[in-house]
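K.L.:
Requesting a structural model of the entry that follows:
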Amino acid sequence: TSRDVAASETSRDVAATNPTHGVAESKKEEDEEPRRAPVGDPEVAAVLGSLSLSAMAPRFADELIDAATLRLLTVEDLESMRIPPAAARAIVDAVRAPAKKVVTLNQEESFKVAVHQSKIEGELADHRADLARLRHVLARRRVPESYMCPISCEIMLDPIVAADGHTYERVCIEQWMATGRTSSPMTSEELSSTQLFPNHNAKQTIAAFLDKARELGRAVDADSE
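P.N.:
Here you go, the predicted model:
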């Protein structure tokens, strides 16, 4: 029909005067498609998970780092990816450490270890969930560096002092030593002892800091209602 012919001619005129018209429309459709989260190498994810550094996994996925590449990276390479020095050393040591000596436990000992580990991991999961809820409040406050574990880069729940004089999250430093490492995560120097001591002062100070953050969070929520 004459109407169809006119519409066809109009389309040709648009294409002739604006040759990028179709490309722009196609690009728009591509931009509107949801972006998929990067999928990381499972071996890399396992290494990070063993060090309580799973939160850093997306960064490694974005850089397309697989297990083979990770084994070639140095501490300096990881620091160039904005990985904190202590965490970078922990990752490099974990990848290059020799296999752990297998210690055989009887059934009762194995059960006690499993229960203890499960309890600690559950408490840490609850703590991280709490920090996630307080993220909007903590973003407005300056979190003292001494409250952060130098390995996980998270506010500590159960701060522990190692023989190097530095304070770490209990789970992180225990996992560090569980692989047979006896060096300091902060200095890479040999530790004079593998004994760990609770940092009661740090624990109380951090608890008070988080209590205040919760109060502010409740106040903000009340104002928004």
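K.L.:
secondary structure class for the most centrally placed residue in the chain?
P.N.:
With distances taken as Cα atoms, centre = their mean, A55 lies nearest the centre of the chain, 1.7 Å away. Under DSSP: H, G, I helix; E, B strand; the rest coil, A55 falls in the helix class.
K.L.:
Repeat that for R59.
P.N.:
With three-state DSSP as the criterion, R59 reads helix.
K.L.:
does it really touch M81, like I thought?
P.N.:
Yes. With contacts counted by Cβ atoms under 8 Å, R59 reaches M81, the gap being 6.4 Å. Glycine gets a C-beta too; all of them are placed from N, C-alpha and C.
K.L.:
So between these two, which is more surrounded?
P.N.:
R59 (17 against 14; other Cβ atoms under 10 Å).
K.L.:
Now do the contacts for the more buried one.
P.N.:
Neighbouring residues of R59 by Cβ atoms under 8 Å, 6 or more residues apart in numbering: M81, R82, I83.
K.L.:
Can you tell me which of those is nearest A90?
P.N.:
A90 lies nearest to I83 out of the contacts of R59, by Cβ to Cβ, at 9.6 Å.
K.L.:
Let me know the pLDDT of that closest one.
P.N.:
On pLDDT, I83 comes in at 88.
K.L.:
In terms of helices and strands, where is it?
P.N.:
Under DSSP states H and E, no helix or strand contains I83.
K.L.:
Same check on the one 5 residues further on?
P.N.:
Secondary-structure element containing A88, defined by DSSP H and E: helix 85-96.
K.L.:
Which strands or helices does that helix pack on?
P.N.:
Secondary-structure packing of helix 85-96 (3 or more Cβ pairs under 8 Å, 6 or more residues apart in numbering; DSSP states H and E): helix 42-50, helix 75-80.
K.L.:
Having no further points to raise, I will conclude here.
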